[in-house]
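Asker: Predicted structure and sequence below. I'll ask about it afterward.
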Amino acid sequence: MKRGIATIVAAVLALTLAAATSAAPSDAQGASGSTAKSKEVVTHYAYLGMEYREPAPLSLLKPAVIPDEGLAGVRLGTNYNNLAGKFLGLKFVLDETMLPQGGDVVAAAKKLLASGQHLIIADLKAPDLLAVADLPQAKDAIILNIRARDDVLRQTQCRRNVFHLIPSDAMLTDALAQYLVWKKWTRWFLVRGKHPADIEYANDITRSAKLYGAKIVAERAYELQTGARRVDTGYQEIQTQMPMLTRGVPDYDVAFVADETNSFGLYLQYRTTDPRPVVGTDGLEATAWGAAYESYAAQTLHDDFRKLAHREITVRDYEGWLAAHLLEMAVKHGNASNVDAVRKYITSDNLKLAGYKGEGMNFRSWDNQLRQPILLMDQLSLVSISPQPGFLHPTYNTDTLGFDQPQSLCKFSK
Amino acid sequence: MKTVNHNGRHTRVAAMCLLLLVLAPPPAWSAMLFVSNERGNTVTVLDSNTLKTIKTIPTGQRPRGIVAGPHGKWVYVCVGDSNRIDVIDVSKLAVTRHLPSGADPELLAVGNNGNRVYIANEDNAQVTVLNAETGKLLAEIPVGSEPEGMRVSPNNQITVATSEGSSLVHFIDNKTLKLVASVLVGTRPRVVTFTPDGRYVWASSEVGGTVSVIDASTHQVVQTIGFAIPGMRAEFIQPVGITMSKDGSEAFIALGPANHVAVVNTKTYKVSDYIIVGQRPWHMALSPDGSKLYSVNGFTNDVTVVDVKSLKPEVSVHVGRLPWGIAVVP
């Protein structure tokens, strides 16, 4: 921190906005405190996203499509960056690329890289993310993953140039597991969908159960029956289907649901045969962010986001904001003037990224995953934050969540 | 003792003196401690000698920043969710008027002659300057995001404000009410204070875990102070409140979730001690003679009294819900 602190007299710099030149990112200058500058230092970064077709949420209160999800968070972060930047002679320019469903992400990434963009905020699913990361031109880029929770991206398919701001599924199920163990609710009934993503999340639940000494007393797979969705008499069918799904199970404490595609998870609550709480992808959820989260000054982010986007902030918006904030920190506090300097700053153990979680956060060296406390929330409130009391780790308590170094299968060969 | 009339303070002091004449040598001083309770929507008033609650004053929503005016007549309370400043009349121990603060005031400072208040508007990135009597708007000064810490220099010439979101300490010229400098410090600066001689500004960075010392004339960071408590995780050390000892030789830094107050030598910048207090100490204040330090502990809903000479915590006193700030009126 000592090295990185720049002291700049704003009076000299604040009025020099006109001097901005749209310098190519590769020759952007760092915010060095030792030399007085009459010119702004401009940093460019890119947002790369795609309008994936997503399953419609079961609740009518959740919009089916949010066209600017993720991107709106990056925009807010960029506004914040420039608000602070004007006092320090720094300017941040966001280059937005939103591809249609099925768009050519590789071509788009090549174009960005050819134009000198090496700081890329990736709002992409895992296959697209890897396709971009594996481009030879992207070897020295910094790709910030704000969307893909796939464990494999932190394990066998990890990449040196990809940094994960969004927590992995394993971190989420561990966060829930710690809370359930703390509650002594250790008998779990695993209810999953049949989509590959559901199976992957279910595997994480099983992994967390083993790790924390919980028992999966039964596992059932459920396939959406036509007619169970939003039809006039849908609730009547659901009212009979959910008890059928949950009947004849050994005694359990919680129904742990893995329904990544929003096909039935919401319907479990209040409809299980035995009166049991629902946790997992519905009910009590583990998440990096929620619209009802207000601790550690988070309210300001909600208020400012609502003013900008006229809707509630989502996890991807939050991660997008955090990505822009991380890049700002590297330039502002780390005096980073090029991609290598940004990498050096963000991979330092001294990084203290502030994300309204009550502690400074940094990256795990073995898989480039951001360490972070995980929120446990229902639709309307914060229930708890993991790691839970008593779950300790020799270096960072947050390393009790997800893949710790001894379990890491990541080798940064690529 | 618990009933208070319009001259409650004087009655109380007189009663105290009578009592103490019988029991013990009279104390050199007596003061009232005003503690803002963020979740309680109240201000608890404690008697510094008995440490009993004299009165619980209802306020607007979410009282946080609390500052006494220089003459001890008024106590100003930022009630963020009510978007105003509540002004407590010390002689009446009640909110008797309000000031229009602008959106979501979090902390404020009062000019040394008592004429002006300087308010950090957390939600809209500005500092609002008002006439303390009339509430007349004197200036709105744009700063970085989430402004919080505010302090007026001992000579009344400069006001400093932190912006948490932008990690900046802003210097405002009180004559022109314009920004003269913005200094980058560690992540999420919360509180600023001047050394008693006015030469340095100390700023605490909650998430950065450091305190920056800035030369008030050159606006250069001259020192960055870190903290380490044996057995305590670095991420729990989050400096917030800063209070200087009366002679300026020591600075007390409240470390939030680390549940300790650090004692820093202001010449050597070395940490000489860590004092355990309640949970999540936030803001602090000194007794009028400087012999006691009061630490306001948010999660344990209490105030810890620390003896400044021995650096020992003496007693903790229950106040309202989620106490945040403290103002001392002699």
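Answerer: Sure thing, it's come through.
Asker: Run through the residues of chain B sitting next to chain A.
Answerer: B:122-123, B:125, B:143-146, B:163-168, B:170, B:179-188, B:207-210, B:212, B:214, B:219-221, B:224, B:226, B:233, B:235-236, B:238, B:257 (Cβ under 8 Å from any Cβ of the partner chain). All C-beta atoms are positioned from the backbone trio N, CA, C, and that covers glycine.
Asker: Just the ones of those residues in strands?
Answerer: Members of the residues of chain B next to chain A lying in strands (criterion: DSSP state E): B:163, B:168, B:170, B:179-184, B:210, B:212, B:214, B:221, B:224, B:226.
Asker: Put the buried members of the residues of chain B next to chain A into a ChimeraX selection.
Answerer: To isolate the buried members of those in ChimeraX, using 16 or more other Cβ atoms under 10 Å in any protein chain shown:
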select /B:122,123,125,143,144,145,146,163,164,165,166,167,168,170,179,181,182,183,184,185,186,187,188,207,208,209,210,212,214,219,221,224,235,236,238,257
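Asker: Please read off the pLDDT at the residue nearest the centre of chain A from the model.
Answerer: Nearest residue to the geometric centre of chain A (Cα atoms, centre = their mean): A:Ile166, 2.3 Å. As predicted, A:Ile166 sits at a pLDDT of 98.
Asker: excluding its backbone neighbours, what's nearest it?
Answerer: Once flanking residues are discounted, A:Ile166 sits nearest to A:Glu319: 5.0 Å by Cβ to Cβ, 6 or more residues apart in numbering or on different chains.
Asker: And the one you found, what's its pLDDT?
Answerer: Listed pLDDT for A:Glu319 reads 98.
Asker: Helix, strand or coil: sort out it for me.
Answerer: Secondary structure, DSSP: H, G, I helix; E, B strand; the rest coil: A:Glu319 is helix.
Asker: Where does the stretch 151-300 of chain B get nearest to chain A, residue-wise?
Answerer: B:Ser166 (3.2 Å; Cβ to the nearest Cβ).
Asker: And for the stretch 1-150 of chain B?
Answerer: Residue of the stretch 1-150 of chain B nearest chain A, by Cβ to the nearest Cβ: B:Gly144 (4.8 Å).
Asker: Mind telling me what element the residue of the stretch 151-300 of chain A found nearest chain B is part of?
Answerer: Ranked by Cβ to the nearest Cβ, the top residue of the stretch 151-300 of chain A for proximity to chain B is A:Thr300, at 5.5 Å. Using DSSP states H and E, A:Thr300 maps to helix A:299-309.
Asker: Show me what counts as buried in that helix.
Answerer: Within helix A:299-309, the residues that qualify as buried are A:299-305, A:308-309, counting by 16+ other Cβ under 10 Å.
Asker: Most widely separated two among the residues you listed?
Answerer: Within the buried residues of helix A:299-309, two members stand farthest from each other by Cβ to Cβ: A:Gln299 and A:Ala309, at 16.0 Å.
Asker: circling back: which residues does the residue of the stretch 1-150 of chain B closest to chain A contact?
Answerer: B:Gly144 makes contact with A:83-84, A:87, B:125, B:163, B:165-168, B:170, B:182, according to Cβ atoms under 8 Å, 6 or more residues apart in numbering or on different chains.
Asker: pLDDT-wise, what's the bottom of the residues you listed?
Answerer: Lowest confidence among those: B:Ala125, with 91.
Asker: Quick one: residues contacting the closest residue to that one other than its chain neighbours.
Answerer: Using Cβ to Cβ, 6+ apart and skipping the chain neighbours, the partner closest in space to B:Ala125 is B:Ser145 (5.1 Å). Residues in contact with B:Ser145 (Cβ under 8 Å, 6+ apart) are A:80, A:83-84, A:300, A:304, B:125, B:163-166.
Asker: got the phi/psi numbers for the closest residue to A:Pro167 other than its chain neighbours?
Answerer: Excluding its sequence neighbours, the residue lying closest to A:Pro167 (Cβ to Cβ, 6+ apart) is A:Ala288, at 5.4 Å. Main-chain torsions, A:Ala288, degrees, to the nearest 10: phi -80, psi -20.
Asker: hmm, who's touching stretch B:224-239?
Answerer: A:1-2, A:5, A:358-360, A:396-397, B:186, B:190, B:204-207, B:209-213, B:253-258, B:260, B:262, B:264, B:269, B:271, B:274.
Asker: ditto for stretch A:163-170
Answerer: Taking Cβ under 8 Å, 6+ apart as the rule, stretch A:163-170 contacts A:142-151, A:153-154, A:200-201, A:204, A:207-208, A:288, A:315-316, A:319, A:322-323, A:326, A:346, A:363, A:367-370, A:372, A:374, A:401-403.
Asker: related to what we said a few turns ago, for the nearest residue in space to the residue of the stretch 151-300 of chain A closest to chain B that is not next to it in sequence, report the pLDDT, please.
Answerer: The spatial neighbour of A:Thr300 that comes closest, neighbours along the chain excluded (Cβ to Cβ, 6+ apart), is B:Glu146 at 5.5 Å. The score at B:Glu146 is 93. That number is its pLDDT.
Asker: B:Glu146 reaches B:Ser167, doesn't it?
Answerer: No: under the criterion of Cβ atoms under 8 Å, B:Glu146 makes no contact with B:Ser167, lying 10.1 Å away.
Asker: Could you check how far A:Ala286 is from A:Leu61?
Answerer: 21 Å (Cβ to Cβ, to the nearest Å).
Asker: Compare neighbour counts for the two and give me the winner.
Answerer: Here A:Ala286 and A:Leu61 are set side by side on neighbour count (other Cβ atoms under 10 Å in any protein chain shown), and the busier one is A:Ala286, at 26 against 7.
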